[in-house]
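Participant: Sharing a model prediction with you, sequence too.
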Amino acid sequence: MERDVPFKSKAQARFMFAKHPEIAKEFAEATPNMKALPQHKTTSKEHKMKHEHKKEHAVKKEHHKKEHHKHEAHKDMHHHHKEMHKHHMKELKHHEKMMAHHHKGTKKK
């Protein structure tokens, strides 16, 4: 009886070659790439958990990205306010200088 069933894992292949070598040869012929097999077959529960973990990781990554953009925007705004403050302080000093100069001129008369 010819079986066209590939191996699902390296562990399965080891077991089959140890316990049922004739069947294992048929499985091996049906397996496209023995080296690419995982060490152990994952169960649907493990697969689902990995998938959920990936989704959760992607959501967290997206959240992190948004928070980073918010933080960068806040830093930019803070920098802008700092620059505006410097500019206003310069204007204030200039204004005070002009007022002092004006007062000197009016006191002489």
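Facilitator: The structure has been received and is ready for your questions. As the structure is a prediction and not an experimental result, all values here were calculated from the model. Numbering: from 1, shown residues only.
Participant: use CA for all of it now, contacts and neighbours both
Facilitator: Noted.
Participant: Quick check: which ranges of this protein have low pLDDT?
Facilitator: For the chain, the stretches with pLDDT under 70 are 1-3, 107-109.
Participant: Point to the residue nearest the middle of it.
Facilitator: By Cα atoms, centre = their mean, the chain has its centre lying nearest to Lys61, at 4.2 Å.
Participant: distance of that residue from Lys54?
Facilitator: Distance of Lys61 to Lys54, computed by Cα to Cα, to the nearest Å: 10 Å.
Participant: And Met99, by the same measure?
Facilitator: From Met99 to Lys54 the distance is 67 Å (Cα to Cα).
Participant: same deal with Gly105?
Facilitator: With Cα to Cα as the criterion, Gly105 and Lys54 are 76 Å apart.
Participant: cool, and Thr42?
Facilitator: Distance, Thr42 to Lys54, using Cα to Cα: 16 Å.
Participant: Which strands or helices does the helix or strand harbouring His102 pack on?
Facilitator: In this structure, His102 sits in helix 44-108 according to DSSP states H and E. Packing partners of helix 44-108 (3 or more Cα pairs under 8 Å, 6 or more residues apart in numbering; DSSP states H and E): none among the helices and strands.
Participant: when you give positions from now on, start the count at 40
Facilitator: Shifting the count to begin at 40 puts that one at helix 83-147.
Participant: what's the spacing between that helix and its chain's center?
Facilitator: Its chain's C-alpha centre and that of helix 83-147 lie 23 Å apart, by Cα atoms, centre = their mean, to the nearest Å.
Participant: go on, stretch 62-74?
Facilitator: 38 Å.
Participant: May I have the secondary structure class of Arg53?
Facilitator: Put simply, Arg53 is helix when judged by DSSP: H, G, I helix; E, B strand; the rest coil.
Participant: burial measure for the nearest residue to Ala52 once chain neighbours are set aside, as a count.
Facilitator: Excluding its sequence neighbours, the residue lying closest to Ala52 (Cα to Cα, 6 or more residues apart in numbering) is Phe46, at 6.2 Å. When neighbours are counted by other Cα atoms under 10 Å, Phe46 registers 23.
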